[in-house]
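Fold the following for me, if possible:
(chains A and B)
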There are 2 protein chains.
Amino acid sequence: MTDYTPPLREIRFALDTLAGLPEIAALPGYEEATPDLTESILEEAARIASGVLAPLNRAGDLDGAKLTGEGVRTTPGWREAWATLIEGGWNALPYPAEFGGMALPGVLNLAVQEMWQTANMAFALCPMLTQGAANAIALYGSDDQKARFLPRMVTGEWTGTMNLTEPLAGSDLAAVRTRAVPEGGAYRITGQKIFITYGDHDLTENIVHLVLARLPDAPAGVKGISLFIVPKVLPDGAPNDVSCVSLEHKLGIHGSPTAVLAFGEKGGALGELVGEPNRGLEYMFSMMNHARLNVGLQGLAIAERSYQQARAYARGRQQGRPVGWQGGPVGIVEHADVRRMLMSMKARIEAMRGLLYRVAADSDVAHRHPDPATRAEAQRRVDLLTPVAKGWCTETGIEIASLGVQVHGGMGYIEETGAAQHWRDARITTIYEGTTAIQANALVGRGVLRDEGAAAGALIAEIAAEGRALAGGPLAAEGAALAEAADTAARAVVALLAASEEEPRRAFAAAVPFLTMLGTLAGAQMLLRAAAAALAETGRGDADPWWSARVGLARFYAAHVLPRVGAELAATREGAGAVFAFDEELL
Amino acid sequence: MTDYTPPLREIRFALDTLAGLPEIAALPGYEEATPDLTESILEEAARIASGVLAPLNRAGDLDGAKLTGEGVRTTPGWREAWATLIEGGWNALPYPAEFGGMALPGVLNLAVQEMWQTANMAFALCPMLTQGAANAIALYGSDDQKARFLPRMVTGEWTGTMNLTEPLAGSDLAAVRTRAVPEGGAYRITGQKIFITYGDHDLTENIVHLVLARLPDAPAGVKGISLFIVPKVLPDGAPNDVSCVSLEHKLGIHGSPTAVLAFGEKGGALGELVGEPNRGLEYMFSMMNHARLNVGLQGLAIAERSYQQARAYARGRQQGRPVGWQGGPVGIVEHADVRRMLMSMKARIEAMRGLLYRVAADSDVAHRHPDPATRAEAQRRVDLLTPVAKGWCTETGIEIASLGVQVHGGMGYIEETGAAQHWRDARITTIYEGTTAIQANALVGRGVLRDEGAAAGALIAEIAAEGRALAGGPLAAEGAALAEAADTAARAVVALLAASEEEPRRAFAAAVPFLTMLGTLAGAQMLLRAAAAALAETGRGDADPWWSARVGLARFYAAHVLPRVGAELAATREGAGAVFAFDEELL
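Okay, the predicted model is just below:
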């Protein structure tokens, strides 16, 4: 187990140069985000992430959350860590001042969340979900609900949860059976919810559960689901009728309690309706963009943590003599394949960071830009890229955590080393908040088929143009590769539209390969932007080798990662039919 | 946790059609391998694998091997399972009759080992390593040593281990420090060995340790390492001076004890030299081809186990309504991406089986063919493809076990489901018996650079010719894709040779990408051979849809997996230099 040192230079570069924080901070309502405040927020967050949260990560794995007679007990140290976040007002970053917030851009909040997630993913799920629940109330709650719930969620005195899944309703929320019966202006909620992250804990006195349930007269399916606020503790201090029945025994993130919650075993938990009846799924989906981007961020985070640990090991471990090595004893970092693995990790980490921050910045534009057309365009980009960021970054995060194990050789398989924990922790990220297939279906269905490829085509054209604009310069070869990959993705869009015409399921059989293409491509775009910016700095006379490393990472990615775009083209075309080549009984 | 049903039809097809068992059985010395005996061996092995070994797999994970005051205690049931293998004479398959063996081809033994490994990988390591140690004694031991050790290792009354690794000598065996001092015709062994699989256990009364150690006057480095037999129990029944100091706490294969062994804490363990002094590493390397092929087999095995479990879940779990589905309630197997994942698993499983069995068959030819030139050619093929089979099948096995988790959605992350165990178990396979990088370095160094691409070129030309031979027929498109991929691999060989001329480490920076290419390509060759054979059967009037499924799998692989060959070309060419784009301190 090694320390976590937040890569503040890389984070600041991604914020300023790739996500355009200076432009975001100039939008009305984000005036607080001055360069100085940004700097001090990032530095202080780094101190907490490395000094408070990261040292608890291993303890969370070994001595995870436990269900006791007095409810769920979190890992020792968790309560104090949460208190640190409350004291610093860290949950308040993105909220309006009227609820005690700091009114800072979402992209800056994302950078802080990155540090929490990298330091301690199991812990950081709690602030992440609390912000997600607070966002839902801020968007859809009544003024009265906002006044009663938001201030304490913004401080972190109360945490929040999302209660969607039931034993028979996972990816398919149409099957939700939890019931809500009106009673004197409120509702009695009855049913069982599973896989509820931080569904119970001892960090705060109250938990604000957001629960999907059906009203008595609700239509069947997804159009009959409403959203309710169900606090763990009622306003008069009495416990509500919700209890944690059990915690799951999971492969990883042991520090994060995953609860089975029983609502209404004693007559019905008291809840209140959010917004209008039967619009719960719509509300949840809009929250979900936040949650999905943040799970994508976990892909980056666990990759960064694995990478830092592998890099430290590779520098310290001596074994054998690298081919062509002339010097004295040296770490395995000089072995060609160890270096290749570390480069592959680092290049993809920076690509993911660029993509994630970009989506968050677009989301800020969509919320705050004065021009409606600019807002709408940004929102289309967010809608298109959120499933890509979630799906691609989490799949990539698992691959990178696996490389983190591999760099350690035999020691990687020993639990005490800690590399395996990251890999186990990472494995949930492609599953929760919608599996990779669910993301890919959203991308193809809502992102490509619905507008006949307009939004995807615009992004692809932008990337192709950026690649071609590099012609004649030092990044000409990489730019050409980027443009060619963009053209390949454009062909895939045509193939998807044709497949959908022919037989709808064929388009969805190609969905994950297409998501992989688009993520790989969008990541390359970010790395080439970074490389071009770095060359501009060196051109202005800054000889810091950190800039040349940006160029090296882009070159590495262009040769080792970007060709994946071409490899997935056949899967999206000829391969879609091959998925159904024979009946399932012959499998 | 689901049952394991050995895929006997697929195994028999791979044996007969892809590995050419009938021709192997016609070689001198393999006369026992009649079709009837083969059939009854496979059927009985399947019964033991599914009925005895598979039901213990979960117990091995939950209640793994433990170090007690009386040595290592294996999982309850393990002893009885081992006794079943002894009773059936299952360890004896590949050995000559003079040591109690059945003199059957190695490829048939591999098919049986596949079933053990798929049923229970943690358990099956014990017979695998016992056969590896017995092979070493059979090849390099004196007649006296063979007479004293082999019969009881062949029955399974004694097991065997390989003692290579030390804390400072992992991938680099030059650093071995364990010492052997001559004493009255024998040797006193002193030192510590780590990561010793089944280094202690309660399955048998004795364990035959094969130990790498240095004689007092030995030269430094790899040329000063000798091989010793060090039994746990001495001929007079007294315990030898070797003890299990601790067991590792591992990510997976909990049922397999991974021991730290201390030799000589009471003055020196008694050992005897195998073969000549200072040739230990050479002997170990020849054993290692056996071990590496068998670890490659574990990649296939864990993939098959994951696949069977995911398939069963996908058939039973109902969730949502597949796009375009007209019928009633149906399992998620009809969802496009679930089907894609299962097809991807199945197609690669059959590709791996074809490749592994082919290498084992070539090894049989190399041992038994009457023509020296044919033997030599077969051995060149074995040397070339063994690291590919090990590296590619284990990397693929982990990917497939990960898909096995993914098919289960949220349930995949819950340990009780069992899908996660396969993924954890699989993770060791790319590490032990030489990491993927070690395999790739062997492939590039000994398989490509040493003979200037001759053996690799011959294989690639064979594949290209097979692809082109399919022109004009129903597999023309897939054949063309195969031939194009072979041409791509040929370009990679040229690039490796050029890179090595320019700067040796560049060739090794491209080693893993090249291994991935060659494995992907060699797997495609096997699937297209299978598809062509299937079409021949249907052409002869056999309307069994099982044959058409072989064609469907080849088509799927050609579109979804084979393009990976093209994607790795840039990594082996431009990408080799990019690995060293900047100094490690900038990572």
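
What residues does the stretch 101-250 of chain A have near chain B?
A:Thr165, A:Gly170, A:Ser171, A:Asp172, A:Ala174, A:Ala175, A:Ile194, A:Phe195, A:Glu248, A:His249, A:Lys250 (Cβ under 8 Å from any Cβ of the partner chain). Glycine gets a C-beta too; all of them are placed from N, C-alpha and C.

Of those - the most surrounded one?
A:Phe195 (26 neighbours; other Cβ atoms under 10 Å in any protein chain shown).

Can you list the strands that the helix or strand that contains that residue pairs with?
Following DSSP states H and E, one finds A:Phe195 within strand A:186-197. Next to strand A:186-197 in the sheet, as set by DSSP bridges, lie strand A:179-183 (antiparallel), strand A:258-263 (antiparallel), strand A:269-274 (antiparallel).

quick one: average confidence on it?
Averaging pLDDT along strand A:186-197 yields 97.

Dump that strand to PDB, restricted to CA.
Extracted C-alpha coordinates of strand A:186-197, given in PDB (Å, rounded to 0.1, in the frame of the first residue of the first chain):
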ATOM      1  CA  ALA A 186     -48.100  12.300   3.300                       C
ATOM      2  CA  TYR A 187     -47.500   8.700   2.000                       C
ATOM      3  CA  ARG A 188     -46.900   5.300   3.600                       C
ATOM      4  CA  ILE A 189     -44.100   3.500   1.700                       C
ATOM      5  CA  THR A 190     -43.900  -0.300   1.700                       C
ATOM      6  CA  GLY A 191     -41.400  -2.500  -0.100                       C
ATOM      7  CA  GLN A 192     -37.900  -3.800  -0.200                       C
ATOM      8  CA  LYS A 193     -35.000  -2.100  -1.900                       C
ATOM      9  CA  ILE A 194     -31.600  -3.700  -2.600                       C
ATOM     10  CA  PHE A 195     -28.100  -2.600  -3.500                       C
ATOM     11  CA  ILE A 196     -28.600   0.700  -1.600                       C
ATOM     12  CA  THR A 197     -25.200   2.300  -1.300                       C
END
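
Direction included, what does the helix or strand following that strand pair up with?
Next along the chain after strand A:186-197, taking DSSP H and E as the criterion, comes strand A:206-213. Sheet pairing for strand A:206-213, assigned by DSSP bridges, gives strand A:158-163 (parallel), strand A:226-231 (antiparallel).

follow-up on the earlier one: now tabulate the residues of the stretch 101-250 of chain A next to chain B in JSON lines and tack on distance to A:Ala531.
Shown next, in JSON lines, are these (distance: Cβ to Cβ, whole Å):
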{"residue": "A:Thr165", "distance to A:Ala531": "42"}
{"residue": "A:Gly170", "distance to A:Ala531": "42"}
{"residue": "A:Ser171", "distance to A:Ala531": "39"}
{"residue": "A:Asp172", "distance to A:Ala531": "43"}
{"residue": "A:Ala174", "distance to A:Ala531": "46"}
{"residue": "A:Ala175", "distance to A:Ala531": "48"}
{"residue": "A:Ile194", "distance to A:Ala531": "46"}
{"residue": "A:Phe195", "distance to A:Ala531": "41"}
{"residue": "A:Glu248", "distance to A:Ala531": "43"}
{"residue": "A:His249", "distance to A:Ala531": "45"}
{"residue": "A:Lys250", "distance to A:Ala531": "40"}
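
Which two among these are spaced furthest apart?
A:Ala174 and A:His249 (28.6 Å; Cβ to Cβ).
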